[in-house]
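Q: Any chance you could fold what I've pasted below:
(chains A and B)
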Amino acid sequence: MIRLAHFLRVLGLALWASRLHGAPKLTRGPYLQLPTTNSMVIRWRTDRAAKGMIHYGLSQDNLTNQTDHAGQLTEHIVQLTKLKPNTRYWYSLWTETNRCLLAATNACSFVTPPIPGTVQPTRIWVIGDAGTGIKAQAAARDVFYAEHRRFPASAWLLLGDNAYPAGTDAEFQRNHWNVYAWIARQVPIFPALGNHDALHADSPTQSGPYYDMFTLPTMAQCGGLPSGTEAYYSFDWANAHFVCLDSEDTDRAKNGAMAEWLRADLSATDREWLIAYFHHPPYTKGSHDSDNKDDSGGRMKEMRENFLPILEAYGVDLVLSGHSHCYERSYLLDGHYGESKTLKPEHFKSRVSGRRDLDGEYEKPAGLTPHQGTIYLVDGCSGHATGGRLNHPAMWVSLNKVGTVVLDLDGLELKSRFLTDHGDLQDYFTLRKR
Amino acid sequence: MKYLRAALCWIAWATLCVAHGPYHEEMMDLTAVLEKHPHDLTALLRRGELFRDHARYGETNDLAAARSDFQRVLERYPRNVSAQLGLARVEADTGAFTHALNRLEALLSVSEQVVSAHLLRAEILVQCGQSEQAVAAYSEGLRRLKEPRPETYLARARAQLVAEPTNFSAALSGLDEGIARLGQVPGLQLLALDLATRAGDFEGALQRLDQLAATSERQETWLARRGDLLQAAGRFQAARAAWAQALGELGRLPERLRGTLAHRELHESLTSKLADKFAVQPPPPQFRIPNP
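A: This is a model prediction of the structure:
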């Protein structure tokens, strides 16, 4: 008995020592952040502190460049620089002891953004309230993966509530990074903060798992004007300008710093498309009700009353939100900042479906023209769908389905598709500029 | 009796939830958790925060309920920082500023690294009219913040201006500290620019404008503002040249961008300024007054 105990002690010690001195293991990522025309940040995590190294190059078999970071870390952040715009790069992860953590053959590649303003087909993947960890989340993801293989996405927007129930690091690991590992190493992520993420994040101090794990453009590295905070920011991709707002944990006042920045940022852009996204939807009758001033601490009302007038005045084309666990897509709207009962015919710039094969696509004048109509889309169902009345009169369609949204921008055309976890195309529309 | 009381509480909660929709659903979930695990720290703290958040919509007793949840945490974990911060916030919400400040000072005396406590203390000091101390508290918080955000620098500058309304240089140096850390954030630099103008430092204001303009591809708004600054400095010819340049930039924009609100308003304003050829005196400057 004593021998057995001694043997177990020695075995335990040996295992501990091997863990201490063995090679580090990849536990998160790699994932892509802060893409610019000539740089990309690659982040990953290892189970033990180590020096991280990236080999990269223009083909999978020829990773001629190397770069690393200083010090022994578990959170590895490496910026690749001097890249060419609109170019695919392959990369692999290594440790200082020449051990390969992940080879380029494991879909480790990305395309740098084109020169801002370039007109070219661009696909954006949009998921909201995804981080449930249930089967439907993975099924919706797999449907998009098939789409991505046909034509790869350039950027990936997260509309908040990325890790349920409380946005802890472990929940992000389980319900986000483990679920989306394959796509995260290929497509840069631009997240928005959701209320569940905010349970363990603090915007005033920009601390907590959400802020720690993302490297976001605070200094206009990816286009737009500097926001000085990761809570809200903007970026350009091809001929589109994207604005991410913090509807959860930042002052939503009309004269607050976020609103001031938004006005300055929008007046400085010269892109063709303007797409804004934030967690709390201005119009919804799903699992949340935007008419209820108490719902979500009044955040939906405040975003509708204080931010839609700014966005519409600068010609926003599409506003994406989550929070309500359903899919809702509006008509082409303008100037409606009240409760649903105050919606009047003059608020509809068009009452068609947006589908050519039904009654016609949406049309707007080219450029960013104020008050020419905006589509409001709620995609809070990428991880679960939890119903609601689904009867907001601003919406052309409201669905209690799990799914994700694929946006395809090409010149003066924006196409949106809602694909369910079963692979069904449940909504689509085209917005065309002339 | 115990079960009857629990049932009544549950019915009361359910009624409240039906009445107030999804906002309370989370509270009900947390209440259910707390019935099973009365000392669940996370649930108590979260429910306390929800109660406090909801109090601003006029619900009676919400602040008392929030206070009760935070106190329950402190009874079991007297050093819990989140509960102490939560309780201080409730005290500030109810106007018990002295209690809140005492609580925060006690917390900071043992845990001075709690940045949120410094920032909360600064906000409460502003509400109490103790602007000088608020500036010091903001500075302490900013010094410790790894990733500060513009809002905190703006709040400190506003407190500084209340404490010393004519001491623009102190507010400016605080804003410059933010700009050095965060970059050319429009909110920070625009306030700094206006303060420099109020201080009569037109050259400094022009330099700031140039720095801000360098971050932007489009120059027309910055050129128009440059014209306004030059006019305020009494350099009328240079002002007109800047406005004319701004108008030229507007004209060079692609057709698709000429319908924006910014374009229309700017075009109107520039045309009107350039048409006013007899203007020989600077108009009263239109300064941005910092928010209280």
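Q: Now do the helices in the stretch 301-434 of chain A.
A: With DSSP state H, counting those that start in this stretch, the ranges of helices along the stretch 301-434 of chain A come out as A:308-313.
Q: Output the residue of it whose distance to chain B is smallest.
A: As assessed by C-beta to the nearest C-beta, chain B sits closest to A:Gly367 within the stretch 301-434 of chain A, at 2.7 Å. To be clear about C-beta, it is placed using only N, CA and C from the backbone, and glycine gets the same treatment.
Q: which stretches of the stretch 101-250 of chain A have low pLDDT?
A: For the stretch 101-250 of chain A, no stretch has pLDDT under 70.
Q: Near chain B, which residues of it? Just list them.
A: A:116, A:166, A:199, A:202-207, A:211, A:218-220, A:225-231, A:250 (C-beta under 8 Å from any C-beta of the partner chain).
Q: These, buried ones only, as a ChimeraX selection?
A: Only the buried members of those end up in this ChimeraX selection, burial being decided by 16 or more other C-beta atoms under 10 Å in any protein chain shown:
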select /A:116,166,199,203,204,205,206,207,211,218,219,220,225,226,227,228,229,230,231,250
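Q: if we can go back for a sec, can you pull the contacts of the residue of the stretch 301-434 of chain A closest to chain B?
A: By C-beta atoms under 8 Å, 6 or more residues apart in numbering or on different chains, the residues touching A:Gly367 are A:272, A:315, A:433, B:254-260.
Q: Just the buried ones from these, in PyMOL syntax?
A: To isolate the buried members of those in PyMOL, using 16+ other C-beta under 10 Å:
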select buried, (chain A and resi 272+315+433) or (chain B and resi 256+257+259+260)
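Q: Out of the contacts of A:Gly367, flag the one nearest to A:Tyr31.
A: A:Tyr31 has its nearest neighbour among those in A:Glu272, at 28.5 Å by C-beta to C-beta.
Q: Just the pLDDT for the closest one.
A: On the pLDDT scale, A:Glu272 is placed at 94.
Q: swap in the one 5 residues further on?
A: The score at A:Tyr277 is 98. That number is its pLDDT.
Q: number of nearby residues for the residue nearest to it when sequence neighbours are not counted?
A: Leaving aside its sequence neighbours, A:Tyr277 sits nearest to A:Leu320 (C-beta to C-beta, 6 or more residues apart in numbering or on different chains; 4.0 Å). As a burial measure, A:Leu320 scores 26 neighbours (other C-beta atoms under 10 Å in any protein chain shown).
Q: in the sheet, who's paired with A:Glu75?
A: Under the criterion DSSP bridges, A:Glu75 forms beta bridges with A:Arg45.
Q: what sits against it?
A: So A:Glu75 contacts A:43, A:45, A:212 (C-beta under 8 Å, 6+ apart).
Q: I figured the second one hits A:Tyr31, correct?
A: So the one you mean is A:Arg45. No - counting by C-beta atoms under 8 Å, A:Arg45 stays clear of A:Tyr31, with 9.6 Å between them.
Q: So which of those two has more stuff around it?
A: Remark: of A:Arg45 and A:Tyr31, A:Tyr31 carries more neighbours, 25 against 21, as counted by other C-beta under 10 Å.
Q: in what helix or strand does the more buried one lie?
A: Secondary structure from DSSP states H and E places A:Tyr31 in strand A:26-36.
Q: And that strand, what does it pack against?
A: Judged by 3 or more C-beta pairs under 8 Å, 6 or more residues apart in numbering or on different chains; DSSP states H and E, strand A:26-36 is in contact with strand A:39-50, strand A:88-95, strand A:100-102, helix A:181-184, strand A:189-191.
Q: Now chain B against chain A: closest residue?
A: With C-beta to the nearest C-beta as the measure, B:Arg256 is the residue of chain B nearest to chain A, at 2.7 Å.
Q: what number of residues lie near A:Tyr283?
A: A:Tyr283: 26 surrounding residues under other C-beta under 10 Å.
Q: Identify the residues contacting it.
A: Going by C-beta under 8 Å, 6+ apart, A:Tyr283 touches A:290, A:304, A:328, A:330, A:336, A:340, A:376, A:378, A:392, A:394-395.
Q: Quick check: closest non-adjacent residue to B:Gln63.
A: Actually, residue B:63 is Leu rather than Gln. Nearest residue to B:Leu63, sequence neighbours excluded (C-beta to C-beta, 6+ apart): B:Ala55, at 4.7 Å.
Q: so what's that neighbour scoring on pLDDT?
A: With respect to pLDDT, B:Ala55 scores 78.
Q: now it: how far from B:Ile124?
A: 17 Å (C-beta to C-beta, to the nearest Å).
Q: The residue nearest to B:Leu63: what's it in contact with?
A: Here B:Ala55 is in contact with B:62-63, B:66, B:93 (C-beta under 8 Å, 6+ apart).
Q: Find the nearest non-adjacent residue to the residue of the stretch 1-150 of chain A found nearest chain B, please.
A: Closest approach between the stretch 1-150 of chain A and chain B, counting by C-beta to the nearest C-beta: A:Pro116, at 7.9 Å. Of all residues not flanking A:Pro116 in the chain, A:Asp236 sits nearest, at 4.3 Å (C-beta to C-beta, 6+ apart).
Q: Next: B:Pro186.
A: Nearest non-adjacent residue to B:Pro186 (C-beta to C-beta, 6+ apart): A:Ala264, at 3.9 Å.
Q: pretty sure that neighbour is touching A:Leu225, no?
A: Yes - applying C-beta under 8 Å as the test, A:Ala264 and A:Leu225 come out as touching, 5.5 Å apart.
Q: Need the overlap of contacts for the two.
A: B:Pro186.
Q: Name the SS class of B:Gly174, please.
A: helix (DSSP: H, G, I helix; E, B strand; the rest coil).
Q: surely it meets B:Ala157?
A: Yes - under the criterion of C-beta under 8 Å, B:Gly174 makes contact with B:Ala157 at 5.3 Å.
Q: Since that was my last question, I'll sign off now.
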